[in-house]
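Visitor: The following comprises the amino acid sequence and a computationally predicted model.
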Amino acid sequence: MERIYLDNAATTRLSRRALAAMLPYMEGEQGNPSSLHSYAREARKALEWARSQVARCLGAQEGEIVFTSGGSEGNNCLLRGAIQANRGRGSHVIASAVEHPSVLNTLFDLEKRGDIQLTVLPVDGYGRVSVVDVLGALCPDTVLLSVMLANNEVGTLQPISSLGNLCRERGILFHTDAVQGAGHVPVDVQALNADLLTVSAHKFHGPRGVGAVYIRKGAAVSPFLTGGEQEKHRRAGTENVAGVVGMAEALLEQCQDMDEEETRLKALSDRLIDGVLSGVPDCRLTGHETERLPGIVSFLFEGVSPDELLALLDMQGIAASAGSACTAGSNEPSHVLRAMGLLDGRRCAPLRLSLGRYTTAAEIERVLAVLPETIGRLRG
């Protein structure tokens, strides 16, 4: 049975172009960028090329990009580093209730330690934060606002530019977790008014285990890892040259093809939404109908167990998820759906179908043929 992969929000297949760019640094170009010989110069040249391309894709300056191991490290380091470096300015932090666990759990930990006073803002039924609610939560002690660009479970896009502008006018640091959106929708740190921003390569067909953060020039953020002088003293340790080159190549590819790919994925997603809503009773689409990522489609099915649904789909060769891969081992219901007011005690199954560069129309049609029957069996 030919398998269908619809879990691209969890991780994507490495693009052929990214793999080709990485191979020289995995096979023969073994230099450490911090050494002084010719091998090192080649590695350093590749590292700075990657930095320039990531900066270009994000609308940033090269010196504002720091390489990391991925989204969770990036969010942790930016939040902890910004709060530590700005202790004298205030201790009040605001975040939305639908942030990724690497944001919320980091802030909960800092609150527990007594480092910050945290306000977690509610969202509407689509998972969107209200600019009015943010404005109402601000106080003289507010030092940082963190709101994600796009939700990883339901795909809803947030009003990031408006929130960033609000913070810029008041001298408040603004962080946005752009892990799910980068490479799929335009991400320009200037247009978003972002001071701090996080991306991760494996969400846009780059390699796993590598990411980047943007730190606006002049924004105070304490070093992530101390030790050597790598990454301008912000993150010590030998850089993953092959990884950052692959990330840069994948991001370039996604940005170059973005308009065409966004149109293609939106058409596939619309077909999936129409087919499921018309073919399966007692089902609803979650997330915003229009302000959403082109490749994430999320549903709630009443009277169904999520574990049984995913298992049956997997047996039929369809890989999907119930939500974030980072919370897949938890018995707790989705904090995102709970914040959206969609979990009212009834037995229901969330299903996230996330499309990517290699998803085809034929695969969507097969899912539409299989899913109604599968839901019917579970309800029967």
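Guide: Thanks, I have it. Everything numeric here is computed off the predicted structure, so don't read it as measured data.
Visitor: show me what contacts residue 190?
Guide: Contacts for residue 190 (C-beta atoms under 8 Å, 6 or more residues apart in numbering) come out as residue 59. For glycine as for every other residue, the C-beta is placed from the backbone atoms N, C-alpha and C.
Visitor: all helices in the chain, in order from the N-terminus.
Guide: With DSSP state H as the criterion, the chain has helices at 16-27, 38-58, 71-85, 101-112, 131-137, 160-170, 189-192, 241-256, 258-279, 306-315, 335-339, 361-379.
Visitor: of all the ones you listed, which lies closest to residue 148?
Guide: Ranking the helices of the chain by proximity to residue 148 (C-beta to C-beta) places helix 101-112 first, at 7.2 Å.
Visitor: Now do the closest one: which elements does it pack against?
Guide: Secondary-structure packing of helix 101-112 (3 or more C-beta pairs under 8 Å, 6 or more residues apart in numbering; DSSP states H and E): helix 71-85, strand 92-96, strand 117-121.
Visitor: okay, the angle between the second one and helix 160-170?
Guide: Think strand 92-96. Orientation note: strand 92-96 sits at an angle of 170 degrees relative to helix 160-170 (axes from the mean of the first three to the mean of the last three C-alpha atoms, to 10 degrees).
Visitor: by contact count, what packs against strand 92-96?
Guide: Partner elements for strand 92-96 (3+ C-beta pairs under 8 Å, 6+ apart): helix 101-112, strand 117-121, strand 142-146.
Visitor: just these: most buried one?
Guide: Among the helices and strands packed on strand 92-96, ranked by average contacts under mean count of other C-beta atoms under 10 Å, first place goes to strand 142-146 (a mean of 24).
Visitor: which regions of the stretch 1-150 of the chain lie under the pLDDT threshold?
Guide: For the stretch 1-150 of the chain, applying pLDDT under 70 flags no range at all.
Visitor: Count residues in the vicinity of residue 114, would you?
Guide: Around residue 114 sit 8 other residues, with neighbours defined as other C-beta atoms under 10 Å.
Visitor: nope, residue 68 is what I meant
Guide: For residue 68, the neighbour count with other C-beta under 10 Å is 28.
Visitor: beta partners of it?
Guide: Residue 68 has the following beta-bridge partners by DSSP bridges: residue 211.
Visitor: Likewise for residue 146?
Guide: residue 95, residue 175.
Visitor: Tell me who's in contact with it.
Guide: By C-beta under 8 Å, 6+ apart, residue 146 lies in contact with 79, 93, 94, 95, 96, 99, 103, 107, 174, 175, 176, 177.
Visitor: Next, count neighbours for the second one.
Guide: Applying the criterion other C-beta under 10 Å, we find 26 residues in the vicinity of residue 93.
Visitor: same thing with the fourth one?
Guide: Around residue 95 there are 24 other residues, counting by other C-beta under 10 Å.
Visitor: Use 54 as the first number for this chain going forward.
Guide: Let's use 54 as the start, then, which means that last one is residue 148.
Visitor: What separation is there between it and residue 364?
Guide: Distance, residue 148 to residue 364, by C-beta to C-beta, to the nearest Å: 34 Å.
Visitor: ok so, going back, using a markdown table, please lay out the helices of the chain together with distance to residue 352.
Guide: Output for those, formatted as a markdown table (distance: least, C-beta to C-beta, whole Å):
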| stretch | distance to residue 352 |
| --- | --- |
| helix 69-80 | 31 |
| helix 91-111 | 32 |
| helix 124-138 | 25 |
| helix 154-165 | 22 |
| helix 184-190 | 27 |
| helix 213-223 | 25 |
| helix 242-245 | 29 |
| helix 294-309 | 26 |
| helix 311-332 | 6 |
| helix 359-368 | 10 |
| helix 388-392 | 11 |
| helix 414-432 | 9 |
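Visitor: Point out the most buried one among those helices.
Guide: helix 294-309 (a mean of 24).
Visitor: So, low pLDDT: which residues of the stretch 254-403 of the chain?
Guide: Scanning the stretch 254-403 of the chain for pLDDT under 70 picks out the ranges 377-384, 398-399.
Visitor: Go again with 90.
Guide: 277-292, 375-387, 395-401 (pLDDT under 90).
Visitor: that older thread, any idea which of the helices and strands packed on strand 145-149 gets closest to residue 354?
Guide: Evaluated over those, closeness to residue 354 peaks at helix 154-165, with 24.2 Å, by C-beta to C-beta.
Visitor: out of everything not next to it in sequence, what's closest to residue 168?
Guide: The spatially closest residue to residue 168, leaving aside those adjacent along the chain, is residue 136, at 6.2 Å (C-beta to C-beta, 6 or more residues apart in numbering).
Visitor: With residue 207 instead?
Guide: Closest residue to residue 207 apart from its sequence neighbours, by C-beta to C-beta, 6+ apart: residue 340 at 3.2 Å.
Visitor: List the residues that contact residue 202.
Guide: Residues in contact with residue 202 (C-beta under 8 Å, 6+ apart) are 210, 211, 213, 229, 230, 231, 233, 234, 235, 238, 240, 245.
Visitor: shouldn't residue 427 be in contact with residue 368?
Guide: No - in this structure residue 427 lies outside contact range of residue 368 using C-beta atoms under 8 Å: 9.4 Å.
Visitor: Quick one: distance of stretch 170-183 to the chain centre.
Guide: Mean-position distance between stretch 170-183 and its chain equals 18 Å (C-alpha atoms, centre = their mean, to the nearest Å).
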